[in-house]
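S.K.: Sequence unavailable; structure follows:
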């Protein structure tokens with residue numbers, strides 16, 4: 001009898017512990033503290049995921065969706081064991097390891113880099129707020145286009161939308177955009193942030209009569225840049241098709257790299273003969289490359305039957321084939337990539353890239369996209385990628401890019 005009572009008590013304690021370890025569904029406020037002591041806030045939503053087993057029974061798991069503006073970035077790998085919570089990001093080789101105490105989630109965000117781990121403190125509690133947990137009733141209007149200057153020297157255009165005090169938008173640079181930023185405009189200040197497992201950004205600035213001053217840009221573990229901006233409806237970036245080119249004397253690109261199955265692939269292979277070819281210079285670690293991949297998989301469905309081939313040239317953070325393959329397989333699965341991804345064997349360093357593709361001049365960054373005609377000649381090279389967070393810029397890119405491919409396909 002005593003053993004039975006003891007067993008019941010143990011079961012009750014175990015059940016109570018399990019109940020305490022259940023993440024509450026709904027919106028959570030979260031923050032990651034960088035090495036400079038700044039908290040970068042974001043929000044995520046916890047939802048139930050029903051999984052049907054082979055015997056037709058169902059179990060309920062949790063997943064989260066990280067919220068940045070219009071993007072809800074689904075993260076399905078959420079594990080709860082007792083009071084421990086492990087959240088593995090589907091890309092960028094990063095994770096959260098935390099403890100759940102009541103409704104408080106606390107622990108670390110860990111970014112795995114070659115040779116080291118970057119660890120930052122992380123906290124989260126239920127609540128649908130980003131920067132302020134009490135209503136901000138008034139705010140200056142920052143909607144529109146801005147010409148921004150960063151101390152690092154980047155040519156930058158800000159594009160923002162505002163509803164009430166809520167601001168969404170992004171900054172565009174010659175090598176890509178800062179993806180989906182979200183935040184608040186108060187009576188005198190602007191606050192914007194983004195977290196997606198790869199990006200960790202915080203922008204702050206003072207607002208005053210069409211100017212943004214005293215700007216601070218915190219990025220990643222310890223990055224800090226100063227910036228300012230002036231409202232300018234005519235602000236624009238240089239033509240992305242005129243930044244990177246072939247060196248004099250070159251018309252073609254040549255390489256031999258290895259695909260995920262270990263097979264060598266070259267542009268001289270029969271499958272590429274008389275085809276329009278898109279070379280995507282990318283990396284699984286690159287958030288802008290992620291946005292470009294999301295676009296290209298749908299473009300490929302539409303244009304592959306017409307005679308277009310795409311090849312992804314992956315420059316990973318590691319020169320170890322097995323590690324690079326693992327990272328790329330995650331990207332392939334996430335986006336259902338059906339075109340070949342090649343492991344170059346080089347790192348994401350610009351100097352290393354130019355060794356593997358010596359015909360390129362003025363390579364500026366990832367992604368870079370090379371468009372090749374049916375004769376095998378390079379016709380255009382596009383630097384960077386303006387993703388869906390850039391609004392009209394993204395729509396304009398799609399229209400121009402697809403018209404270019406239509407014109408090349410029409411050539412004899």
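M.R.: That came in fine, so what should we check first? This one's a predicted model, so the numbers in the text were calculated from it and none came from an experiment.
S.K.: So residue 272 sits against residue 307, correct?
M.R.: No. With contacts counted by CB atoms under 8 Å, residue 272 stays clear of residue 307, the gap being 10.6 Å. Glycine gets a C-beta too; all of them are placed from N, C-alpha and C.
S.K.: more crowded one of those two?
M.R.: residue 272 (17 against 14; other CB atoms under 10 Å).
S.K.: Not counting sequence-adjacent ones, nearest residue to that one?
M.R.: Distances taken as CB to CB, 6 or more residues apart in numbering put residue 309 closest to residue 272, at 5.6 Å, once the chain neighbours are dropped.
S.K.: does that neighbour sit in a helix or strand, and which one?
M.R.: strand 308-314 (DSSP states H and E).
S.K.: So what touches that strand?
M.R.: Strand 308-314 is contacted from outside by 255, 257, 265, 267, 271-272, 275-284, 293, 296, 299-300, 304, 324, 328, 337, 339-344, 357, 405, 409, using CB atoms under 8 Å, 6 or more residues apart in numbering.
S.K.: tell me, how many neighbours does residue 32 end up with?
M.R.: Neighbours of residue 32 (other CB under 10 Å): 22.
S.K.: May I ask which helix or strand encompasses it?
M.R.: strand 26-33.
S.K.: and the gap between the residue nearest to residue 272 and residue 265?
M.R.: Distance check for residue 309 against residue 265: by CB to CB, to the nearest Å, it reads 11 Å.
S.K.: Can you mark which positions in the longest strand along the chain are buried?
M.R.: Taking DSSP state E as the criterion, the chain has its longest strand at strand 39-52. Using 16 or more other CB atoms under 10 Å as the test for burial, strand 39-52 gives 39, 40, 41, 42, 43, 44, 45, 46, 47.
S.K.: what mean pLDDT does it have?
M.R.: Here strand 39-52 scores 88 as its mean pLDDT.
S.K.: Hmm, residue 154 and residue 172 touching each other?
M.R.: No. Taking contacts as CB under 8 Å, residue 172 lies outside contact range of residue 154: 10.0 Å.
S.K.: Those two: which has the busier surroundings?
M.R.: residue 172 (26 against 15).
S.K.: So which residue is dead centre in this structure?
M.R.: residue 287 (2.8 Å; CA atoms, centre = their mean).
S.K.: How much space separates the closest residue to it other than its chain neighbours from residue 113?
M.R.: Nearest non-adjacent residue to residue 287, counting by CB to CB, 6+ apart: residue 198, 4.1 Å away. Going from residue 198 to residue 113 by CB to CB gives 12 Å.
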